[in-house]
Every structure is written in structure tokens, then in C-alpha cells.
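Undergrad: got a predicted structure here, sequence first:
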Amino acid sequence: MEVRLLKQPELRKPCIVSGLPGIAYVGKLSVDHLVQTLHAELFGEVYSKFFPPYVLIGKDGIVELLRNELYSWKNKESERDLIFFTGNAQAVTPEGQYLMADKVLDTAMRLGAERIYSVAAFVTDRAIDTPRVYGAATEEALIDEFKRQGVLVMEEGPIGGVNGLIFGLAKVKKLQGVCLLGETHGYTTVSGQYLVDANAGRAVLEVLSKMLNVKVDLSPLDRQVEQMKEAIKRMAEIEEYAIKKTEEAAAKGYKNYIT
Amino acid sequence: MLEHTWTEHYRRIEASEPTAIVGSPGLRSIGKLVVDSLVERLRPELVASLYSTHFPVIYQSEPSYAPDPRFPGFGGALVEAGETSFPKVEFFFHEHPPLIITRGYHADFVGQYEVAEKVLDFYEEAGVRRMIVVAGYVGKDKDVCCAATDSKLIDEAKSHGIETSYAGPFYGFSGLVFGLAKIRGIEALCLFGRTEAVAGDLQCPDEDASRFVLKELSQLLKLRNVF
């Protein structure tokens, strides 16, 4: 596990905003959107032997290692600057996830970080029109803070991976921590890949931008929300077709029907 | 105490900036087939072997280039011509042009990055500044396409008529050596031979695809008696 600092940013009591790829990419989508729209500056790269065993070839043919990234942004509207933590992968094993969360928190604390907001997904099977945002925190005062933004308290349950661990370890390291979880169905494709839930990400960002006191244009996410709805509709149609064909085959007495 | 990954050197490489060639038994075994052909036809000298406690002799997950932390496989010895041996990465040296031809091996999940780093340590000690990786890709476009650590190399490949075509993940030994070379400052080009996935046997050898890659590689390196 290696944190490579490209530069040492001068930051005022920064808040960490963390979101790695996980269920429905809620965390990654939210943090990526903040990084892109605020034009945050890359200052650190994290490489790990606990990442999955592949590299990525881009459309331009250039190879990239899997990595996590640290960005900084100076907030002129607040007394707190921001450190963003995101990346194109999560460490795979619990050991790797603990090490990653620990290293990143230590790096951010050396830059003066006092608080972390971690973004994750809250999986539900209820019909979602407007996704709810759930929250958990390291202390009571922070729970009151997010409740004022309409966030529901997450009563119990695990928050898996680095998105949960970085929040949990924050408490051990005496940092203030809030975890915001966007409600999602966590749909997956046939190959097991999560569909990006821009609707859940957007719901979290509406809350998070207020808590961070940053102005962010969320309209670019609208197109992604529509794409996601279209993909889910297509998946439902395919599923319905498959069920119908299977039922027809069963009615004809075929035991092994392959579409 | 046994190290996790170690290299046995048989001879010191004395050459100015040799080019490393890297292939392993990945998708349709194209990389390994190309390396096997080079070893057979150029008759380079085996100069070092890299061993690791992370090399299974039996893999529990398929394909071997996509290890799963839940299934580390089984360690063990190999028998070759009645003698005992171990799974290994082999480094062969060819003098003119100076090449280090590398036959890779896939580690378990825990060891994969460590093995790739050790391979790059070996290259750095040997003065390698440039690498060509050979592998396979599933696509409908070019017989051979390329990827690289920087756009200058892509342009160079294009000047030889090799275009980019594949975008996506590149798994296993060769992928990690390729990606880690970039952050070590070693220039690396990858030649992907087009193939089709065989369900249930992704490493099933594709001789035709490997021949296309070998042809492009031999032209790039101006190798005679290879293709």
C-alpha cells in the first residue's frame, strides 16, 4: 500500500469526502461529480496489491493501473477546504480495505483533516421514486446536523468495504465522521456489474452540498438518471419475456427449454 | 526463512538497454504461445528464474489469470522429464538484438502484484527501458491491435500500421507487469492478438492469433528466422 503525494496542499481544517466504487456506484458517482464540477486538484495517488488483478486500457490505448486518488479543493465560501478520496477500484480483501482506510485517514490527518463524510449505498426493495438518504455519525451532534437536512437515521446494519471502514476508523482516530447512504435497489446486469444509480447519487449530493456549503450544478446527472431508468426498463422487459417463454415451454411439456 | 518471491540468477546480462518481451498463459494462451515460439526459434539462453510461494500448481479458480482471494489454489512441485521442478517465471536472454524474453506465470491473488514488482526489479537491474507485452483480446476489428504506456508509443505503433482497438480490463501477470511498468518509467507497448473466447476454457490455445502477433512483433523488432 503506497500513498504517492504529488504535492503537499495547504488546506484549512479540511473535510474529507470519500466515495469508492461499491453498490450502484453511489459513493464514486457522488465524489466524482464533486471533483469534476469543482475542478478539484489531484494531489495523491494510492496503489495497492489488494486491488483486483487487472489494469485498464483506455479508449486511447493508454494503460492505467487501478488506483485510488486524493484531490484537494479550496472552499472560498467556508472556513473548511475539502479533500476528496475516490478511485477506479476498491481493495478486495478485508485486510486490504482496513489498510487503505487507515493510510488515507492518516494522510488526510497530516494535512489537518478533522472531519470525514463517507458516501455509500443503502439497498432497499421498496418502490423508489425519490430516493431517501440515510445517515450515521460518530457523535450525536452530527446526527442532529444531518437530520436538519432531511436525512433519516440508519438504525442498524453493516456498511461494507472501504466506504464503511473509513467512516468506522475515523471514530477510532478521533475524527468527526458522517456516512450518507443513498437509497438504491442495487440493480446488477446479467454479468453481475452494478448499474450506476445516478438518482441515488443525486439525492446524496443534494444533502452533501448543503452540509459542505458548496454550490454544485446537479443538472448533468439528469441525463444519467434517464439512462438508468431506460436500462432498468429494458432489463424488466427482458425478464418478462424470459418468464413468458419459460411458461410457454412448460405448458408444452418441455423440461429443458433454452432461449 | 523462505522469501515469498525470489529470483535465481544463472548468468549476468551484459547488454545495453535490452528490450523485455512479456507473455503469459492468458486469454487463449496467446502471450505464452508467442513467447514459446520466440524461445524455440531464437534459442535464447535461460538466465534467471523467478519463484514464488504464491504460484499454485493447481488453480482453484478459472481462468488462472483472474485469481480469487477465496480460492488460492494448491502449491506443489512439478515433474519435468522425471525431475522435480517448481512453477516459475523464466527469463531468457537473446543477444542480437538484445532481448529478455519472459515466460510469465500467474500468482494467486495475494502474490500477483508482488510477482510483477519483482519482475520489474529484474528488468531494472538489467537496464531495461522498453518492453513489449504480447497477449490476446476479444474483438471484431483488427487482427492485432495495441495499447501502450504513453501516446508516443501508440503513434510509433501506428506508423507500423498497428492501431488501437481494445479498451477494457487486462488481467493477470502480463497486465500487471504492463501497468506497473508505467509507474516505474519503463516504456511499454502491448500487442493484442484478436481471438474468440471459448466458454469454459478461456486459456484454450489459439495458434492462429499468436501467429499474427508474432508476425507484427518480428517486424517491429526486425527479427529474422522467426516468422
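TA: Looks like it came in fine. Predicted, not measured: the structure shown is a model, and the values here were computed from it.
Undergrad: and the helix ranked longest in chain A, what's buried?
TA: For chain A, the longest helix by residue count, based on DSSP state H, is helix A:220-252. By neighbour count on 16 or more other Cβ atoms under 10 Å in any protein chain shown, the buried set for helix A:220-252 is A:221, A:224-225, A:228. Where C-beta positions appear, they are placed from N, C-alpha and C, glycine not excepted.
Undergrad: now stretch A:177-190
TA: For stretch A:177-190, the neighbour count (16+ other Cβ under 10 Å) marks A:177-187 as buried.
Undergrad: could you do stretch B:203-211 as well?
TA: For stretch B:203-211, a neighbour-count test (16+ other Cβ under 10 Å) marks B:203, B:205-206, B:209-211 as buried.
Undergrad: farthest-separated two in these?
TA: B:Gln203 and B:Arg211 (17.5 Å; Cβ to Cβ).
Undergrad: residues near B:His9, how many?
TA: By other Cβ atoms under 10 Å in any protein chain shown, 12 other residues sit near B:His9.
Undergrad: tell me the one of the buried residues of stretch A:177-190 nearest B:Gln60?
TA: Within the buried residues of stretch A:177-190, the smallest distance to B:Gln60 is 28.0 Å, found for A:Gly186 (Cβ to Cβ).
Undergrad: and that closest one, what element?
TA: Using DSSP states H and E, A:Gly186 falls within no helix or strand.
Undergrad: for the chain, what are the low-confidence residue spans?
TA: By default, I'm working from chain A. For chain A, the stretches flagged by pLDDT under 70 are A:191, A:253-259.
Undergrad: I was after chain B.
TA: Filtered on pLDDT under 70, chain B yields the residue ranges B:1-2.
Undergrad: what residues does it have near chain A?
TA: Applying Cβ under 8 Å from any Cβ of the partner chain, we find that chain B lies next to chain A at B:65-67, B:69, B:109-110, B:112-114, B:145-151, B:154, B:164, B:166-172, B:175-176, B:178-180, B:182-183, B:188, B:190.
Undergrad: what about the residues you listed, which are in helices?
TA: The helices, defined by DSSP H, take in B:112-114, B:151, B:154, B:172, B:175-176, B:178-180, B:182-183 from the residues of chain B next to chain A.
Undergrad: quick one: the one residue in the stretch 151-259 of chain A that gets nearest to chain B from A:Ala24, how far?
TA: Nearest to chain B in the stretch 151-259 of chain A, going by Cβ to the nearest Cβ, is A:Gln193, at a distance of 11.7 Å. As judged by Cβ to Cβ, to the nearest Å, A:Gln193 and A:Ala24 stand 11 Å apart.
Undergrad: higher neighbour count, those two?
TA: More neighbours surround A:Ala24 than the other of A:Gln193 and A:Ala24, with 28 against 10 (other Cβ under 10 Å).
Undergrad: of the residues of chain B next to chain A, buried ones?
TA: If you count burial by 16+ other Cβ under 10 Å, the buried members of these come out as B:65-67, B:69, B:109-110, B:112-114, B:145-149, B:154, B:164, B:166-167, B:170-172, B:175-176, B:178-180, B:182-183, B:188, B:190.
Undergrad: for chain A, state which of the buried residues of stretch B:203-211 is nearest.
TA: Chain A has its nearest neighbour among the buried residues of stretch B:203-211 in B:Gln203, at 14.9 Å by Cβ to the nearest Cβ.
Undergrad: so what's B:Lys182 closest to, chain neighbours aside?
TA: Closest residue to B:Lys182 apart from its sequence neighbours, by Cβ to Cβ, 6 or more residues apart in numbering or on different chains: B:Thr149 at 4.2 Å.
Undergrad: need the contact list for that neighbour.
TA: Shown in contact with B:Thr149 (Cβ atoms under 8 Å, 6 or more residues apart in numbering or on different chains): A:62-63, B:178, B:181-182, B:186-189.
Undergrad: count of neighbours near the closest residue to B:Glu207 other than its chain neighbours?
TA: In space, and not counting its chain neighbours, B:Glu207 is closest to B:Leu33: 6.5 Å by Cβ to Cβ, 6+ apart. Using other Cβ under 10 Å, B:Leu33 has 24 neighbouring residues.
Undergrad: thought B:Asp208 was touching B:Leu33, still the case?
TA: No - assessed by Cβ atoms under 8 Å, B:Leu33 is found out of contact with B:Asp208, at 10.0 Å.
Undergrad: which ones among the buried residues of stretch A:177-190 lie within strands?
TA: Among those, DSSP state E puts A:177-184 in strands.
Undergrad: hey, where'd the helices end up in the stretch 1-150 of chain A?
TA: Secondary structure of the stretch 1-150 of chain A by DSSP state H, counting those that start in this stretch: the helices cover A:26-38, A:94-110, A:140-147.
Undergrad: contacting residues for residue 60?
TA: In the absence of a named chain, chain A is used. Residues in contact with A:Asp60, defined by Cβ under 8 Å, 6+ apart, are B:151, B:154, B:164.
Undergrad: oops, I was thinking of chain B
TA: Contacts here follow Cβ under 8 Å, 6+ apart; on that basis B:Gln60 touches B:68, B:71-74.
Undergrad: now render those residues as a markdown table, adding secondary structure and neighbour count.
TA: Converted to a markdown table, the contacts of B:Gln60 look like this (DSSP: H, G, I helix; E, B strand; the rest coil; neighbours: other Cβ atoms under 10 Å in any protein chain shown):
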| residue | secondary structure | neighbour count |
| --- | --- | --- |
| B:Asp68 | strand | 16 |
| B:Phe71 | strand | 14 |
| B:Pro72 | coil | 18 |
| B:Gly73 | coil | 20 |
| B:Phe74 | strand | 11 |
